[in-house]
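In: A structural model of the following input is requested.
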Amino acid sequence: MPGSGKSSIGEKLSLMLDRTFVDTDEKVLEAWGRTPEEIILEEGEGKLREREHEVLLKLIGKDGLIVSTGGGLPIFGDNMALMKENGIIIYIRQEPKALWKRLEKQRRRPLSDTLVKTEELYGRRRDIYEEAHIVFEAEEDFQKNLQGIIKQVKKEFPGEIDRM
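Out: Below you'll find the predicted structure:
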């Protein structure tokens, strides 16, 4: 979900594990010269999801990446299945009110620019997000979340972090 900390956590994990970090929002910006938010406002959410899918297809098969996806990427088409076949998927779960606490300062997210929209978005996406290999219950503390994710990956995928 937007505001869950997925980019910040992904970036830090990539540094800790000496891996390449990829943010699909950044890849969309690089490829089309506009942010995901701009694409949604100018061409609609469907066009953004098509472009995110193109980005995902380019990442499939590249080993050792740590990828932060746009919040809607997993729910479009067969993206979640593709991701699950090609990596370890971690859903950083937080309740909508906790997400909104971070998002309300950003106001640039057209799909989650109010608490009501954030709650509705969460409701529509939750079931697909929970198909992830790991569902991590996030807290407010960044370091606790980071360490908790590492611990859960080590538990559920022994040796995977060590291979990285």
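In: tally of neighbours for Gln143?
Out: By the measure other C-beta atoms under 10 Å, the count of residues near Gln143 is 9. C-beta coordinates here come from the backbone N, C-alpha and C atoms, glycine included.
In: kindly apply the preceding question to Glu42 instead.
Out: By other C-beta under 10 Å, 10 other residues sit near Glu42.
In: for the closest residue to it other than its chain neighbours, phi and psi?
Out: Excluding the flanking residues, the one nearest Glu42 by C-beta to C-beta, 6 or more residues apart in numbering is Arg34, at 7.2 Å. The phi/psi pair for Arg34 (degrees, to the nearest 10) reads phi -140, psi 150.
In: phi, psi of the residue most central in space within the chain?
Out: Centroid-nearest residue in the chain, with C-alpha atoms, centre = their mean: Thr69, separated by 3.7 Å. Main-chain dihedrals, Thr69, degrees, to the nearest 10: phi -100, psi 160.
In: likewise Leu111?
Out: Torsion angles, degrees, to the nearest 10, at Leu111: phi -90, psi -10.
In: around the closest residue to it other than its chain neighbours, how many other residues sit close by?
Out: The shortest distance from Leu111 to any non-neighbouring residue, by C-beta to C-beta, 6+ apart, is to Leu121 (5.7 Å). When neighbours are defined as other C-beta under 10 Å, Leu121 has 20 of them.
In: pLDDT value on the residue nearest to Leu15 when sequence neighbours are not counted, please?
Out: Ranked by C-beta to C-beta, 6+ apart and with sequence neighbours excluded, the top spatial neighbour of Leu15 is Phe21, at 7.8 Å. Per-residue confidence (pLDDT) for Phe21: 97.
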